[in-house]
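> What shape does this take:
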Amino acid sequence: VQLVESGGGMVQPGGSLRLSCAASGFTFSSYDMTWVRQAPGKGPEWVLSINSGGGSTYYADSVKGRFTISRDNAKNTLYLQMNSLKPEDTALYYCARRILIYYSNSGNWYSHYDYWGQGTQVTVSS
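Numbering: from 1, shown residues only. So this is what the prediction gives:
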């Protein structure tokens, strides 16, 4: 399994960037996918998820209305369109494959992220 992010860079506040995540080594269309970011000195923050078919998306409140997640299963690629960028969006952005694991003691399913890319840096600064 390999996930390779690209498209990061430095942009001024209010600007836009489009990140890509090229997937290989597994059946991409069978898995939900996620973008996670980590700002300097902070822990990882879940940002957005998309289901395997691309019909359902989930957004953190911090990016709702500004970021869009999408996927092209024919190209095995995940995307993150980021608009109206703010300095607080500065982070290392990772794509990750999401799986569900059932815990019999609670009777619930929980999300886990079993494969991650190497990350791409996004810096928002004037």
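> Going by residue numbers, what spans are helices in this structure?
Using DSSP state H, the helices of the chain do not appear at all; there are none.
> Now for the residue nearest the centre of it: which residues touch it?
The residue at the geometric middle of the chain, judged as the C-alpha nearest the mean C-alpha position with C-alpha atoms, centre = their mean, is W35 (1.2 Å). By C-beta atoms under 8 Å, 6 or more residues apart in numbering, the residues touching W35 are L19, C21, V47, L48, S49, I69, L78, L80, Y93, Y94, C95, A96. Placement of C-beta: from N, CA and C, glycine included.
> doesn't M33 make contact with the fourth one?
By that I understand L48. No - the pair formed by L48 and M33 falls short of the contact definition of C-beta atoms under 8 Å, at 9.2 Å.
> so what sits against both of those two?
Among the neighbours of L48, those also in contact with M33 (C-beta under 8 Å, 6+ apart) are I69.
> Neighbour count: the two, which is higher?
In this view L48 and M33 are compared by other C-beta atoms under 10 Å, and M33 has more residues nearby, 24 against 21.
> how much space between that one and K75?
M33 sits 13 Å away from K75 when distances are taken as C-beta to C-beta, to the nearest Å.
> so what sits against both of those two?
Common neighbours of M33 and K75 are not found (criterion: C-beta under 8 Å, 6+ apart).
> tally of neighbours for G41?
As a burial measure, the neighbour count of G41 was computed by other C-beta under 10 Å and equals 5.
> same deal with I50?
23.
> show me the contacts for it.
Contacts for I50 were tallied using C-beta under 8 Å, 6+ apart; they are D32, M33, T34, S56, T57, Y58, I69, S70, R71, L78.
> What residues are bridge-paired with S49?
With DSSP bridges as the criterion, the beta-bridge partners of S49 are T34, Y58.
> so how far is N105 from it?
Here the distance between S49 and N105 works out to 25 Å (C-beta to C-beta).
> Brilliant, that's me finished.
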